[in-house]
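1. quick one: sequence plus predicted model below, questions after.
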Amino acid sequence: MKAQAKSLGLELIFVTIPEGTTDYMQAYVDGIRGVKEKYGISVICTGDMDLVGSMTRNWMERACEKVGDGMSVFLPLWKKDPYESMKEILDEGFDIIFSCVKSPFFDGSWINRKLDWEAVDEMKAIIERGLTEDQIKQGTKPLDLCGERGEYHTMVIGGPLYDETLEIDLNCEPLMDAFENITKWKGNIHNAEYIW
C-alpha cells in the first residue's frame, strides 16, 4: 500500500481496528471520526458495489451516519453491472493482480495472477457452471464476478495515475488458512506472511 500511495503521489492514512475488537461498527466510527478531525474531510469514497451477507444497508454509509457532523460516503460503483465494471477497468489499462482468493472457486494458481480478460472469462465460466448440491447445502453463495462477497481481493500495481508500475517481490509460496467452523469459506489463499 505504501508503494501504491507513493506511485500515485498520495498520502497513505492508516486507520487501525484495535486487536480484540468486538464492536466493529464502533471501531469504524471511531476511526472515521479520527480521520475527519485530523484532516477535515467530510466524504469517504469506497468501491462498494452491493450489500454483503445479511446487511440491509451499506456498512460505510451507516458508519458515516453514526459519525454525524455531515460525514457522508460516496459510492460511485453502487449497483453497477459487474461485467461493465470489469470492462471499464481493463479498457482503462489498469494493471491488477489477485492478492487473496478463496476456495471453493479458486486455488493457489490465482495468487499474483493478472486480472485480465482471460481471468474474467474463467470467472464467468465458474459462474455459469453453478454450485454443486453440497455447496448449496453448505450455504455457499455463487461467485460474484467482482468479488463482492469476499471471494477474492486484488491489488492495483499500475495504470492510469501511477508514476510507475510496482514490482512485486514474492518470497513465499501462497499460503492456505483453514477457517473450518468459522466461516462458510474453506480457506483463504494468499501470499502474505501475516493475517490480520
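-> Yes, it's here.

2. contacts for the longest helix seen in the chain next, please.
-> In the chain, taking DSSP state H as the definition, the longest helix is helix 24-39. Among residues not part of helix 24-39, those counted as contacts by C-beta atoms under 8 Å, 6 or more residues apart in numbering are 13, 15-18, 21, 41-42, 44, 59-60, 62-64, 66-67, 69, 71. Where C-beta positions appear, they are placed from N, C-alpha and C, glycine not excepted.

3. avg pLDDT for that helix?
-> If you average the pLDDT over helix 24-39, you get 95.

4. each with direction, which strands does the helix or strand following that helix pair with?
-> Reading on from helix 24-39 to the C-terminus, the next helix or strand found by DSSP states H and E is strand 43-45. Listed by DSSP bridges, the sheet partners of strand 43-45 and their directions read strand 72-74 (parallel).

5. now do the buried residues in the strand it pairs with.
-> Residues of strand 72-74 classed as buried by neighbour count (16 or more other C-beta atoms under 10 Å): residue 73.

6. stretch 143-150 too?
-> 143, 144, 145, 146, 147, 148, 149.

7. what's the answer for stretch 92-100, then?
-> By 16+ other C-beta under 10 Å, the buried positions in stretch 92-100 come out as 94, 96, 97, 98, 99, 100.

8. stretch 71-90 too?
-> The neighbour-count criterion (16+ other C-beta under 10 Å) identifies 71, 73, 75, 77, 82, 86, 89, 90 as the buried residues of stretch 71-90.

9. tell me how far the longest helix of the chain is from the chain's mean position?
-> 20 Å (C-alpha atoms, centre = their mean, to the nearest Å).

10. what's the neighbour count on residue 102?
-> Residues contacting residue 102 under the criterion other C-beta atoms under 10 Å number 24.

11. and the helix or strand harbouring it, how far out from the chain middle?
-> Of the helices and strands defined by DSSP H and E, residue 102 is found in strand 95-103. Mean-position distance between strand 95-103 and its chain equals 9 Å (C-alpha atoms, centre = their mean).

12. now the helix or strand just after it: average pLDDT?
-> Scanning forward in sequence from strand 95-103 by DSSP H and E, the next helix or strand is helix 117-129. Per-residue pLDDT values over helix 117-129 give a mean of 97.

13. ditto for stretch 50-57
-> Per-residue pLDDT values over stretch 50-57 give a mean of 84.
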